[in-house]
Structure formats: structure tokens, C-alpha cells
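Asker: coordinates for the following, if possible.
(chains A and B)
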Amino acid sequence: MDFLSLFVIVPFLTVVGIVFCKDFKQVRLTAAIGMTIQLGLAVALIFMYLAERKAGNMAEMLFMADYVWFPSLNIRYAIGVDGISVAMIGLTAVVVITGILASWEVQHLSREFFISLILLATGVFGFFITIDLFSMFLFYELAVIPMYLLIGLWGTGPKEYSAMKLTLMLMGGSALLLVGIFGLYFNSNPDGGQLTFHILEISKVHIDPMAQRFFFPFTFVGFGVLGAMFPLHTWSPDGHSSAPTAVSMLHAGVLMKLGGYGCFRVAIFLMPDAAHELGWIFLILTTISVVYGAFGAIQQKDLKYINAYSSVSHCGLVLFAILMMNKTSMNGAILQMISHGLMTALFFALIGMIYGRTHTRLINEMGGLMKIIPFLGVVYVIAGLASLGLPGLSGFVAEMTIFIGSFQHTDTFHRVCTIVATSSIVITAVYILRVVGILLMGPIKNKEFENLGDAKWFERLSLGTLVVVIASIGLAPLWLSNMINDSLVPIIEKLTMNL
Amino acid sequence: MVTFSNIVKYAWLVPLLPFAGFLIIIFFSRLLKGKSSGIIASALISLSFLISLLMFFAQSDSAVKSITLNIFSWLDVGALKIPFELLIDPLSLNMMLIVSGVGLLIHVFSIGYMLHDERFNTFFAYMNLFSASMLLLVMGANYLILFMGWEGVGLCSYLLIGFWFKNDLYNLAARKAFVMNRIGDLGFILGIILLFFTFRTLNFSGVFAQLSAFTPNNSTIVIITLLLLVGALGKSAQIPLFTWLPDAMAGPTPVSALIHAATMVTAGIYLIARSSLLFNLAPFTLDIILAIGLITALFAATIGIYQNDIKKVLAYSTVSQLGYMFIALGLGVYSSAIFHLTTHAFFKALLFLGAGSIIHALSGEQDIRKMGGLKKKLPITFLTFLIATLAISGFPPFSGFFSKDEILMAAFARNPLIYVLGLFGALMTCFYMFRLLFLVFYNQFRGTPEQESHIHESPALISVPLIILAILSVVGGFLNFPEIFGGKAAQANFLSVSLTNYASNAGHMAVSTEWILMAVSVLFLLFIVAFAYNRFIKQKMLPAGDEIPLAFIPKLLSNKYYVDELYNWLIVMPYTALSEKVFPKMELNIIDKTVNSFGEYTMWLGEKVRRIQAGNISFYVFAMVTGVIFFIIINLYF
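Answerer: Numbers count the residues shown, from 1 in each chain, chains lettered A, B, ... in the order given. Here you go, the predicted structure:
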């Protein structure tokens, strides 16, 4: 048995275990145990990866395994990881376990809830370990479908509308994606012979530039929908605001990262010519995303909407940095994915906890909460500071790397985009401080809230874990960026080789 | 044997100790009762001060004046390598001593001042975090580490301005401070990005070593310096980014003393002085700095004359004094800027702490119209406040005289007009400071009888820091005792390792001219004091109450030239309109509508197509026959 497959098997076994549980206490305990093991595996994977690299194993992908699944079409379950996917797996494991802790008191249909949640996680983990486009696509769909149920059943507000909108828009994206993937497949062997979905094999081939030009937009937009690229982002605010806490966390924290990761690993890595030629169109769109999302967050009244628009802005920055296509900016993009994943999970966890107490998410109905629930208040401020890029927290490392990397382009177009994107730091400060001011500071507005209880142990554990990871990345980003750096080498080589 | 190179190995403790204090106080807040958190915070900052002092003495014996200490590699991405390095050289030592020394006094003062506040522990945690960030700012060996400290102090400033967060106005003041600084930071970040692009490094030494390849007023250098200047304008509250500082007085008074007078607001001056070699290559930027400094110094001084809140007067005076430091920077005499920064740290911290002592004694009253006659009741406060007033007004031999005189002399050497304007500003400073002094301490008490019965001199924890700062305000001038009095300009020589004054200002003027100018300025000052004495003590004139309408100019000045209103109209309103009006239109009416209409259109199409399959057999037959005919035709013709 290969090590990587455990990342799919453990969640699967957890799901099986949950089926046999008697009550919701057993269910949540099983889920927590399963996902803690998963976190342990992720940490082990990081160490194993670093050890391999230290031992001088410079292969593009490590821990590879390959099982032919559908021989006639050469569809395979091929797995392998590089530093980037290891980092993403680590992120996913952290967000999943904190998400489970944040839903510790979900009692309504808890069995079905946790099963769907862990199935979603399975899809995400599977997505990050595979290097076969077809399996990747399957895992992607596996992650999207439970989302529909989770929002539709356990959500709040106009949940049916939101669930439908989210699922249909993402499905629309995956339809485009499927076209892109088949395009790659049918062009994967120009000399005639066995066609392949295997990413590494395709990357060795120089795909016909005409085909690249045709299929690149499909792939990029397909993944871009998931990365909330303007103007295909509207599923995100509605979806997030209706979703239950853990789902928002997983969705914004991890699932949206599939978009960035896919754009990077599939669209740009496999079709570099088209990326160079057509990148500017998407660069404009992502620059708009960055500023537009931030503007959107300023006037929102619902906490979740604020964070959803802020995610549009931050995820826009991920795609923006990927399209800058140099080592520094791409490294920044991966750091931004991880940083944003952690801090948005933190935000959504907090919002869920605040909502659980006050039963409202409208900031104007709250006020002075810092006095009543200081722990949640302080963590909210920390999350806000990470979001506005304060040094010492993860956001700063990512943003600084992205901006410095992007500015290495000497042409006016890229520079203007960079300056526009950089200016978003001011807008971010405005909306973050606005919320902090209204929500936490000031006099206590609502007398009913005076006796709210502060965070419980599982909530503290969940929030504390995220804060510690965010701060440690911010203070000592070197090991993480090194891990990413190694893996960027082949990608950058390929990008410049085809120039 | 403590040698410089040995002790520098422990330099990392200087910022780390207060940071540890922050963590200790935050995590063990529940266990810390009474004054204990204040004592911990003060103890840790005093250790930082001791280490800085040891380094200072060890350095004066050493031949090596500047050492870079590599702590760890912070980031290494592609071309971007950022080591976490500290630079210990005369400039950073000078700043470290100010930050930890004045910081220590203010910490001690705060133990007495904040004792009855329910968030006493949090206050000291923030103060320690501030000290740590500020020390990091002045010790960083590259622009990114400097920037980390820069943002850290901005955060602490935000937290401490809004310390009493139950008041919404204070929160707004805090937010305004942060956002305005952020606008400056945007310039700073772009400057850093361009620096990296140009020099491939962000280390001070690495950047400066490559400067020989550039000619003066090289466009890249000019742009970089302008961008850095934008950052400095925000932090040091210069036109046009100054309006946050007066509002920042919402914070507790020790905060105003430490952050908004002695240390953080001087970060912009530090940044430019640190980059002196870079700015020397951009005379264009230096001229802009000079103009901004001059305008700010005069502009803020005129506003100061018409303020009635004791802290607001001091706040505008800070803006004005920072303007003088910018004048010095603009003239290229960086060492004079740092000299004035140092003396200003002493006397302005003293003024703010004195104001704190007064406010404390009057149970929170800040309006000078409701004070008066406090001379007898608060003797220590009065005496120290008097010394600080003499120092800031520039009377010899108090410290402010020497530092301001140095700047004015340099101005005279450049252009007598600048000197005249600078002197005019100094006279206004003298006027509003003596106005403050006379209104607060002389004549009769004008508050309520209840307040009067409570007036008491503050305890030793408060008065001892006042006395020490008063001594420093008197002798501070001898740090850089000028050559004309037989001094050696010790500080300027000390700093010369780190700072390179702009060459074209080297020209010395005749000694006689210098004596005449000094005599003239002192004469004018005496005249102003006499004028203020006549007005406020003899005639007992009081500033008018808020209900009495003012004439045009006083109204303009007491409303701060309506700059806040102008910004509101120019920036805030369009910004709000964009996010509240334009954004929803775009999002809901265009994008979302398109998305939804996709769904609606599909439904509509389904509805239409559904009719075809409604079970009508004759239609099915018709469709089948049509289809068959269609295919036959296609087969026949193609």
C-alpha cells in the first residue's frame, strides 16, 4: 500500500465508522479521531517530504504510485506529490480538523452532516494527491456534490437558492474544464500513439500552440470559477453566507484553492504558450477581482458577505500572482493560497461562533462584543490583521512576495496591474477596521447580549490552532517557501523553455 | 571585558524583551494583579535600555562603529532574499536610547497614571508591544525589517488610540489614524518594491553600496525617494497626511507622549535620515521635503494658537516641530534633524506627561479655559512644564534652543527667506506655548469648586519621570553643543558614521552673523513672552467660549482650515458613493442578473420545449415524417 493513498482511505474509513455510530456524540468523536489521524498523516508527509529532499531526491514528484484503472482509454489512478501539493495537503488537514471542532454541536442530522463533510474532504485530499487529469476531475466533482447537500440542508437564509446557484455555477465551470481536459488528452501525443491524462507525461510534450490557444481559456475559466474570478464570482457570497460554519470554512479555506491550484498545475503548466499569449486577458480580470472584491466588502452589512467579498479579493490575488509567471510571484501565490485558506477558515469559524451566540450576522445589530466575549473578539482582530497584511502574520509574507515578484516585469501593463492590485491594501484596511469598530468596539448595543458566554474549549482549540499556524508562517516563512521553491523549478523551466 | 563586537551579539534581546513582556502580560493577564503588569513591563524595557546603554559605551571605545547582526534567514524566494538582520550603528543606537529610555520613563509614569483603569494589564501589554516594534523599526538592517516594525507601531498606535473603545469617537479616531497611515504605507511598499527591482537587495548597506552608479536626480532614485517620502509623511503627520495626529489625542495621555510625540511619529524622519545617501542623490525630493516641512511647521503653528484643548495644542505643536525636522531633512542636514528629534523627544514627552499630570489632578478636564491658577497647587508639574515650555520655545540654554538654532542656521545658509519663515514659526510656537502656560498655571482657577477641592500634586511615580525629563530637557542641548560656544558638536560627529549630510550645505557662515541671528531670535522671543504676559496675565484675556461666533480668521484657524471637511468631501464621500451606490448596481443589476437570467432562460426554454413532448400523437407523427423527408433530401443532394 502506498502512503499517499492513505489520504483517501482514512476519510473513507471514517465515513464507514460514522455509519455505525449510535448517537451524535459518537459521530463527532469518530469524525474528530479520523481527521486527527489525517492531520498526523499530513504532518508526517511534510517531514517525509523534507527528509527525501534533504537526502537529495530531486524528482519532480515524490511518493509516486500508478494504477491503471481504465486501460482502453489509459485512465489511471496516478498519485504523487511535490512541495506545493504537500503544503496544500497540510492546509487541508488543518482546516478540516478545525472545521470539525467548529461544528462540535451540530445535532440536526449529525450523521449525514459529518458524512457529507468528510466526503467533501476526501474529494479535496484526492484532488491534491493525483497527477492524472481524469482522476483529478473525479475528485473535484466528489468535493462539489456534498457541498450542495450541506448548504441545502444545514444552511441558513435563502439556502436552496444559494445551494443551487453555487452548484450550478461550479458545474458550469467543470463543464468547461472537462472540455479543457479532453483537449489536453487528445493532444497529449502528437506523434500518434497512446494518449494520456498523466500530468507529468503531458508536460513532457509540446502541445500544438493552436490547440493550446483553444483549450487554455476553457481550463483557466473552468478552474477560475472555483477561484471566484471576476465576473464569475457571484456564487461565492451567496453560497458562503448560506452555508453552515464548517462548510464555509472548508469551502473558502480549501475548495476555492482547488481553483488556484488547478489554474497553476493544469492550465499554465501544461499550456505555457497560451498562458503567455492570453494571460493578459485574465490578468485584467483578476486585477479587477482584487479591487472589486475589496470594494464589495466595504458596504456589506452581513459578516459572511464581508468575508466572502474579501475572499474574492484575496483569491483574485492568487490567480493574479500565478499569471505573473515568475518564480517569486508564483511562490507568493502558493503562500497566499495557504495564508488565505487559514485566515478565511478562522474568519468563518469566528462568524459561526458569534452567530451561534447572537443569532444575527448583521454587524449593525451588534456592538461592543469585545467586552462580552473577549477571546472571540481578540481572535477576530488577529484574523483581521492577518487579512490586511500585518507583518508577523502569514498574509504579509504572501502579499509582499507577490507584489515584489509581479513588479519584476518591466512593461507598463504588468506594472499598472501591480500598482492597482497593491492599492487594495488600503481598501482592505478600511473594511477590516470598519467591521472591528462596529462589531467589537463601542458601547454594548444590545442588552440581550450582555450575558453571552465566551469561547468553549473546542472552540478555543479550533481557533487557537489556526492562529498558531498563521503566526508561525508569518514569523518564519522560510521552511514553507523553501518547500514551494524546490517544486517551482520544473514549472518555471517549462514556462521559460517555451518562450 | 565587554567589547562592542561581544555585546552586539545580544542586540536581539533589545526588541525581544519587551515583546516577551507583551506575551507574558497577555497570557497571564488573569494572574497579574495590582501594579504587577506595569512593573514587569517597565522592568523589561529597562533591561532593553541597559543593553542599549552598554552597547553605546562599548561602541565609543571601539574602532568598529557599525555592526550587522544576522539572526536568521527570514525569506528566500526566487530572487528575493530577506535576512532577519539588525544593524547596530550610531544612528540606531541614538534611536534605541531614545525609545527605550524615554519609553522607560513613560512606562513608569503610566503605572501611576493608569492605575485605576480596568484594562491596566492590556495597556501595558500594548505599550510593550509598541516598544518592541519601535525598537525593531530602528534596528532593522533592511527596508523590510524596518517596514515590519513600521506596521507594528502603526498597529499599536491604532490599539492605543482606541484604548477606551467604548467611545465610538475614539474608535473613529483610531481607524482614521490607521487608514491614513496605510495610505502612506502604500507609498512605502511601492518604494520598497522599486528599491528591490532597482538594486536586487533591500539591505541598507547593499543599496547604498550601489549608489555610485547613479547621477544626481536620476529618475529612478527620485521616484524611490518620493515613494519613501509618502510613507514618511503618513507616519510623521506632515501635510497632506497630518489630520490623524490631532485626533489621535483620544488615546490615554502617556500614549500621546510616547507614541504621538517622542517616538513613533519620528519614524518618518528616521527613515529619511537612514536613507540619507539615497536622498542626497535626489535634490529634487529634498526640495519637496523642505517645502512640505516649512508649510507644515507654519500651518500647524497657526492652528495651535486657537486650540483650547490642552492636548490638541500639544498635538499641533508636535506636527509643527516635526515640520522643523523635515526642514532640516530637506536642507540635507540630517544630523540636525536627529538632534532636534532627540531634544524634542525629551521636552515634548515632558509636556505631554505634564499635561497628563494636570488632567489627572483635574479629574479628566482638558479644556484650558476651565483651568488656571494651578501654579501653587501643582508645583512640580508647574516647574517641569515651565522648563519644557522654555525648551520648546527655544530659550538658551535649554535644549530646544540649540537644536532649533542649528536648523535655522542651516536655513539661513541656504536662503534667508527660509530662515525668516522658520523664525516666524518659532515665534508662534513661543506664543501658543506661553499662552498655554499662562492660562493653565496663572490667575484664578476657573473650574468647578468640586474639581478645585480634588486638586492634588501627583504621586512620585508620576512626578519622578517628570523631573528626569525636565533635567534632560535642560541639558539635552549639550549633546550636540555647537562649535560656536566652544563645543564639539558631539552628536553630529557621532552620527557621521551613519549619516552623510548633503554636501552643498557644508558652507559655513561668519561667526559674527551667527551671533547676530541668535541675538535677534532671543530678542524676538522675549518680546513675544511679554506680549503673551500682557494679554493673558495682566489683562486676563480668555479664549472665547464655544458658543460665541468667531471672526473669519480665528474661525478658520480654530476649525483647522477645514482640512478634515475637505478630505471628507474629496475622498471619503466619493469612496462611500462608489461602494454604496455603484457597487450594488454592478453586482446585483448586471452580474447577478446575468447569472440568474441564465437560469431563467434555461427554465423558459424547458417550458417551451416541454410542449413538444406533451403526448400529442399527431405532432409526433408530423415530426417524424418531417425528419425522414429532411434526411432523404440531405442524402440526395450531398
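Asker: quick one: contacts for residue 382?
Answerer: In the absence of a named chain, this looks at chain A. Each residue near A:Ile382 by Cβ atoms under 8 Å, 6 or more residues apart in numbering or on different chains is listed here: A:Leu346, A:Leu393, A:Val467, A:Ile470. In this view, the C-beta of every residue, glycine as well, is placed from N, C-alpha and C.
Asker: try chain B instead
Answerer: B:Phe382 neighbours (Cβ under 8 Å, 6+ apart): B:Leu374, B:Lys375, B:Phe441.
Asker: in a markdown table, list those along with neighbour count.
Answerer: Below are these laid out as a markdown table (neighbours: other Cβ atoms under 10 Å in any protein chain shown):
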| residue | neighbour count |
| --- | --- |
| B:Leu374 | 24 |
| B:Lys375 | 17 |
| B:Phe441 | 22 |
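Asker: hmm, which two among the contacts of A:Ile382 are most spread apart?
Answerer: A:Leu346 and A:Leu393 (10.6 Å; Cβ to Cβ).
Asker: the more surrounded of those two?
Answerer: A:Leu346 (30 against 25; other Cβ atoms under 10 Å in any protein chain shown).
Asker: mind listing what's buried along the host helix or strand of that one?
Answerer: Using DSSP states H and E, the secondary-structure element containing A:Leu346 is helix A:327-358. Residues of helix A:327-358 classed as buried: A:327-354, A:357-358 (neighbour count, 16 or more other Cβ atoms under 10 Å in any protein chain shown).
Asker: which of the residues you listed come close to chain B?
Answerer: A:Lys327, A:Thr328, A:Asn331, A:Gly332 (Cβ under 8 Å from any Cβ of the partner chain).
Asker: residues contacting the first one?
Answerer: This means A:Lys327. A:Lys327 touches A:Gly405, A:Asn485, A:Leu488, A:Ile492, B:Val77, B:Gly78, B:Ala79, counting by Cβ under 8 Å, 6+ apart.
Asker: hmm, A:Lys371 and A:Lys445 touching each other?
Answerer: No - A:Lys445 lies out of contact with A:Lys371 (Cβ atoms under 8 Å); the separation is 11.2 Å.
Asker: spatially, what comes nearest to B:Ile39 if we skip its sequence neighbours?
Answerer: Of all residues not flanking B:Ile39 in the chain, B:Ile111 sits nearest, at 7.1 Å (Cβ to Cβ, 6 or more residues apart in numbering or on different chains).
Asker: what comes up buried for the host helix or strand of that neighbour?
Answerer: According to DSSP H and E, B:Ile111 maps onto helix B:90-113. Neighbour-count burial for helix B:90-113 flags B:90-113 (criterion: 16+ other Cβ under 10 Å).
Asker: in terms of neighbours, single out the busier of A:Lys445 and A:Lys371.
Answerer: A:Lys371 (18 against 15).
Asker: so who does that one touch?
Answerer: A:Ile444, B:Lys166.
Asker: my guess is the residue nearest to B:Ile39 contacts B:Leu461. True?
Answerer: Yes - using Cβ under 8 Å, B:Ile111 makes contact with B:Leu461 at a distance of 5.3 Å.
Asker: is stretch B:85-104 anywhere near chain A?
Answerer: No - residues of stretch B:85-104 contacting chain A under Cβ under 8 Å from any Cβ: none, with a closest distance of 13.9 Å.
Asker: just the CA atoms of that stretch, as PDB, please.
Answerer: Extracted C-alpha coordinates of stretch B:85-104, given in PDB (Å, rounded to 0.1, in the frame of the first residue of the first chain):
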ATOM      1  CA  GLU B  85      19.300  41.300  10.400                       C
ATOM      2  CA  LEU B  86      19.800  44.000  12.900                       C
ATOM      3  CA  LEU B  87      22.100  47.000  12.300                       C
ATOM      4  CA  ILE B  88      23.800  48.500  15.300                       C
ATOM      5  CA  ASP B  89      25.400  51.800  14.400                       C
ATOM      6  CA  PRO B  90      25.400  55.300  15.800                       C
ATOM      7  CA  LEU B  91      22.000  56.200  14.300                       C
ATOM      8  CA  SER B  92      20.200  53.100  15.500                       C
ATOM      9  CA  LEU B  93      21.900  53.400  19.000                       C
ATOM     10  CA  ASN B  94      20.800  57.000  19.200                       C
ATOM     11  CA  MET B  95      17.200  55.900  18.400                       C
ATOM     12  CA  MET B  96      17.300  52.900  20.700                       C
ATOM     13  CA  LEU B  97      18.400  55.000  23.600                       C
ATOM     14  CA  ILE B  98      15.500  57.400  23.000                       C
ATOM     15  CA  VAL B  99      12.900  54.700  22.500                       C
ATOM     16  CA  SER B 100      13.900  52.600  25.500                       C
ATOM     17  CA  GLY B 101      15.000  55.500  27.700                       C
ATOM     18  CA  VAL B 102      12.000  57.800  27.200                       C
ATOM     19  CA  GLY B 103       9.900  54.700  26.900                       C
ATOM     20  CA  LEU B 104      11.000  53.500  30.300                       C
END
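Asker: surely A:Lys304 meets A:Leu350?
Answerer: No - contact status for A:Lys304 versus A:Leu350: not in contact, 10.8 Å apart, counting by Cβ under 8 Å.
Asker: same for the top helix by length along chain B, what does it pack against?
Answerer: In chain B, assigned by DSSP state H, the helix with the most residues is helix B:168-199. For helix B:168-199, the contact count by 3 or more Cβ pairs under 8 Å, 6 or more residues apart in numbering or on different chains; DSSP states H and E identifies helix A:394-406, helix A:412-422, helix A:424-435, helix B:143-161, helix B:204-209, helix B:219-235, helix B:244-247 as packing neighbours.
Asker: got these as a markdown table, with mean pLDDT, mean neighbour count and distance to A:Ala55 columns?
Answerer: A markdown table is the format used below for the helices and strands packed on helix B:168-199 (pLDDT from 0 to 100; neighbours: other Cβ atoms under 10 Å in any protein chain shown; distance: least, Cβ to Cβ, whole Å):
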| stretch | mean pLDDT | mean neighbour count | distance to A:Ala55 |
| --- | --- | --- | --- |
| helix A:394-406 | 90 | 27 | 28 |
| helix A:412-422 | 89 | 17 | 39 |
| helix A:424-435 | 88 | 23 | 41 |
| helix B:143-161 | 90 | 25 | 33 |
| helix B:204-209 | 89 | 17 | 34 |
| helix B:219-235 | 91 | 22 | 44 |
| helix B:244-247 | 86 | 24 | 55 |
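Asker: which among those helices is found nearest to B:Val628?
Answerer: helix A:412-422 (57.6 Å).
Asker: quick one, helices of the stretch 201-350 of chain A?
Answerer: Taking DSSP state H, counting those that start in this stretch to define them, one finds helices in the stretch 201-350 of chain A at A:209-226, A:235-242, A:245-250, A:256-262, A:269-270, A:272-298, A:303-324, A:327-358.
Asker: could you dump the ones you listed to CSV with mean pLDDT?
Answerer: Listed next are the helices of the stretch 201-350 of chain A as CSV, based on pLDDT from 0 to 100:
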stretch, mean pLDDT
helix A:209-226, 89
helix A:235-242, 85
helix A:245-250, 87
helix A:256-262, 89
helix A:269-270, 87
helix A:272-298, 88
helix A:303-324, 90
helix A:327-358, 90
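Asker: tell me which of the contacts of A:Ile382 is nearest to A:Val81?
Answerer: For the contacts of A:Ile382, the nearest to A:Val81 is A:Ile470 (23.1 Å; Cβ to Cβ).
Asker: pretty sure the closest one is in a helix, no?
Answerer: Yes - A:Ile470: assigned to a helix according to DSSP: H, G, I helix; E, B strand; the rest coil.
Asker: per-residue pLDDT, it?
Answerer: With respect to pLDDT, A:Ile470 scores 92.
Asker: surely it is in contact with A:His340?
Answerer: No - under the criterion of Cβ under 8 Å, A:Ile470 makes no contact with A:His340, lying 10.5 Å away.
Asker: and for B:Leu186, nearest residue in space, chain neighbours not counted?
Answerer: That would be A:Val426: by Cβ to Cβ, 6+ apart, it lies 5.5 Å from B:Leu186.
Asker: and the longest strand for the chain?
Answerer: No chain in the question, so chain A it is. With secondary structure taken from DSSP state E, chain A has its longest strand at strand A:62-70.
Asker: should've been chain B
Answerer: Counting by DSSP E, the longest strand found in chain B is strand B:67-77.
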